[in-house]
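[1] Turn this into a model:
(one chain, ligands or ions: 3)
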Amino acid sequence: MDLGAKEHDELRQGEAYKPFYNDPNQYKKHFYIESYGCAMNFADSEVVASILQEQGFGATNNIEEADLILLNTCSIREKAEQTIRKRLTEFRKFKNKRGGLLVGVLGCMAERLKSKLLEEEKLVDLVVGPDAYRSLPILIGEAETGQKGVNVLLSRDETYADISPIRLDSNSVSAFVSIMRGCNNMCSFCVVPFTRGRERSRDAHSIVAESKDLFEKGFKEITLLGQNVDSYYWLDEANGHAVTFAELLEKIALINPSLRVRFSTSHPKDITDEVLYTIAKYDNICNYIHLPIQSGNNRVLQLMNRNYSREWYKAKVDRIREIIPDCGISTDIITGFCTETEEDHQDTIDIMNYCKYDYAYMYFYSERPGTLASKRFKDDIPEDEKKRRLTEIVDVQYHLSLKSNQNDLGKTFRILVDGESKKDPNFWKGRNDQNKVAVFEKKNHGIQMGNYVYVKINSCTKGTLLGEFVHF
Ligand code: SAH
Ligand code: SF4
Ligand code: F3S
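    Ligands and ions are numbered 1, 2, ... in the order given. Predicted coordinates for the structure are as follows:
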C-alpha cells in the first residue's frame with residue numbers, strides 16, 4: 001500500500017474547490033455553492049449559507065436541484081480567475097435546461113470586476129462583493145424578477161460578527177473562525193487590499209462566543225483567520241481596553257485545554273514576542289506558524305513592499321525557534337517577480353535552506369491589474385523562466401520537507417483524528433501540533449473522529465508521517 005504525499009490537504013490560497021453537504025429536505029428552495037481561494041472565502045461561504053438559510057434557502061451538494069448556484073471566487077492569480085470562467089461556462093447547460101435558475105458570483109473576482117462581469121459573463125445574474133453579503137436576499141429578490149443584481153461596496157466596519165456561520169462540508173472536528181477582514185499592507189503584487197478593502201478586526205466577545213459554541217458542539221480545533229492576524233486590534237468600548245492578537249489567542253486557548261487553536265496568516269513584520277510567548281505558554285495553541293517570506297532577496301522584498309529584510313526575517317525565525325523550540329514553520333514564495341535576477345532567485349533558495357521550512361506554498365508571479373506592481377514595474381521575467389525557477393524551489397522544498405519528516409521518525413505525537421486517509425479507508429488521518437499530517441492503521445482500537453491519540457512514527461514521505469497507534 002502506498003500512502004503517498006497527497007494527504008496534505010491544507011486549504012491555502014489557490015484553486016482549491018470544495019463541493020458540499022446535503023441538507024435535510026426541509027427547504028423549498030436550494031442553493032449550491034463552490035468556494036475557491038483562501039480559507040477566508042470558505043469561512044465567508046458559511047456566513048452566506050447562514051444568510052440564505054434565513055431566507056428559506058437550504059444548501060445542497062446536488063447542483064441539479066439548485067435554484068441558485070453561487071461561486072465564491074478568488075483573484076489572487078490569473079489562473080484562479082481562469083478556473084472560475086471555465087466553471088461558469090460549465091454552468092451554462094444547467095441554465096439552459098432550467099428556467100428561473102440564478103447564477104451568482106461572490107468574493108474577490110466579483111469585487112475586482114464589478115458589473116463588468118455581467119457584460120463578460122452573460123449567464124451571471126448576481127455579482128456580490130465580500131462586504132455585501134447581507135444584501136444577498138434583496139439582490140436575489142431583484143434577480144428573480146429578471147433584474148441583474150450587483151453590490152460590490154466595500155465597508156470599513158463589516159465583520160459579520162453577529163452572524164452564526166453554518167458549517168459546510170464540515171468534518172465536525174475543525175472549523176475556521178474569522179477574526180478580521182481586509183488588509184492594509186499593500187504588498188505590491190497583491191490584489192487582496194483591493195478586493196477585500198481596509199483591515200478591520202471583529203469584536204473579541206463574538207469570536208470567543210463563536211469558538212465556545214463550536215467547542216460545545218464537539219469541535220476540537222479552531223483556526224483563527226485573517227490576512228494578517230498579528231495586527232488584530234479591537235477596542236472594547238465597555239472598559240477602554242484594546243485586545244491584541246496575543247490576548248485573543250489566550251482567550252480562545254482558555255475555553256478548554258482540549259480545544260486546539262491555530263491561526264493563519266502571520267506577517268513577518270508584525271508577529272510579536274508576546275504572541276510567541278503565548279503560543280509557548282499554552283499546550284493547546286499549536287506550535288505552528290505560517291510565515292510567508294515571498295522572496296529571499298532584499299531588493300526584491302523592497303519592490304514587493306514587504307517591509308522586512310532577509311536579515312530581519314532570519315532573526316524572526318531564530319526567535320521563533322528560541323521561544324518555541326519545536327515549532328513547525330511553513331511559508332509562501334513567489335518566483336519571477338519583476339526584475340528578479342538569477343542571483344536574487346538563489347538568495348531565495350539560500351534562505352529556504354536556512355529556515356528549513358516544513359512546508360511551502362510556491363507560485364510563480366502573476367501580474368494582477370490594479371496592483372502597485374502592475375502600475376510601477378514591468379512583468380519582465382518570461383513565463384518559462386518563472387516556471388523554471390519555480391520548479392527549482394519546489395525541488396529544494398521537496399528535500400526540506402522530506403528531511404523534516406525524516407527527523408520525526410521514531411517520535412510519538414499527539415494527533416487529532418480528523419478523517420479517514422484518502423488513500424486507504426483502513427487508515428485514520430490527523431495532524432500533530434506542528435500541523436504535519438499523520439496516518440495510521442485503524443485496527444480495532446475504537447478510535448473515532450475528533451479523538452486525540454498518540455501515534456509513533458515509523459516511516460514517512462515528504463507530505464505524510466506514517467505511524468502506529470500507541471495509546472489514547
Ligand atoms: N495575507 C497572506 C497571503 C494572502 S495571498 C499573507 O500575507 O501571507 C497568499 C499567497 O499568494 C501570498 O502569500 C503570495 O505568496 C501569493 N500571491 C499573492 N499575490 C500573488 C501574485 N500576484 N502572483 C503570485 N502569487 C501571489
Ligand atoms: Fe496581500 Fe500582503 Fe495583505 Fe497578504 S499581507 S493579503 S500578501 S497585501
Ligand atoms: Fe483569493 Fe480573495 Fe482569498 S483573492 S486568496 S479569495 S482574499
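
[2] rest of the way, CA atoms for contacts and neighbours
    OK.

[3] Please name the residues that touch the residue of the stretch 101-250 of the chain found nearest ligand 1.
    Ligand 1 sits closest to Gln227 of the stretch 101-250 of the chain, with a gap of 3.7 Å, by CA to the nearest ligand atom. Gln227 is in contact with 180-183, 264-266, counting by CA atoms under 8 Å, 6 or more residues apart in numbering.

[4] will you turn the residues you listed into CSV that also has secondary structure, distance to ligand 3 and neighbour count?
    Output for these, formatted as CSV (DSSP: H, G, I helix; E, B strand; the rest coil; distance: CA to the nearest ligand atom, whole Å; neighbours: other CA atoms under 10 Å):
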residue, secondary structure, distance to ligand 3, neighbour count
Met180, strand, 12, 27
Arg181, strand, 9, 29
Gly182, coil, 8, 25
Cys183, coil, 9, 21
Ser264, strand, 12, 22
Thr265, coil, 11, 19
Ser266, coil, 14, 21
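
[5] any chance of those residues in CSV, with distance to Asn171 and pLDDT too?
    Listed next are these as CSV, based on distance: CA to CA, whole Å; pLDDT from 0 to 100:
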residue, distance to Asn171, pLDDT
Met180, 24, 98
Arg181, 25, 97
Gly182, 27, 97
Cys183, 29, 97
Ser264, 19, 95
Thr265, 22, 94
Ser266, 25, 95
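
[6] For the residue in the chain positioned nearest to ligand 3, the count of nearby residues, please.
    Residue nearest to ligand 3 within the chain: Cys74 (3.6 Å; CA to the nearest ligand atom). Residues contacting Cys74 under the criterion other CA atoms under 10 Å number 32.

[7] Now the phi/psi pair for it, please.
    phi -130, psi 140 (degrees, to the nearest 10).

[8] Can you tell me how far it is from Lys148?
    21 Å (CA to CA, to the nearest Å).

[9] ditto for Leu259
    44 Å.

[10] Which one's more surrounded, those two?
    Counted by other CA under 10 Å, Leu259 and Lys148 do not tie: Leu259 has more neighbours, with 24 against 18.

[11] circling back to that earlier point, within reach of ligand 2, which of the contacts of Gln227 are there?
    Cys183 (CA under 6 Å from any ligand atom).

[12] Which one of the contacts of Gln227 is nearest to ligand 2?
    Nearest to ligand 2 among those, counting by CA to the nearest ligand atom, is Cys183 at 4.7 Å.

[13] That closest one and Arg196 touch, don't they?
    Yes - if you go by CA atoms under 8 Å, Cys183 and Arg196 touch, sitting 7.0 Å apart.

[14] all strands in the stretch 1-150 of the chain, in order from the N-terminus.
    For the stretch 1-150 of the chain, applying DSSP state E, counting those that start in this stretch gives strands covering 29-35, 57-59, 68-73, 102-107, 126-128, 149-151.

[15] between the ones you listed, which gets nearest to ligand 2?
    Ranking the strands of the stretch 1-150 of the chain by proximity to ligand 2 (CA to the nearest ligand atom) places strand 102-107 first, at 14.3 Å.
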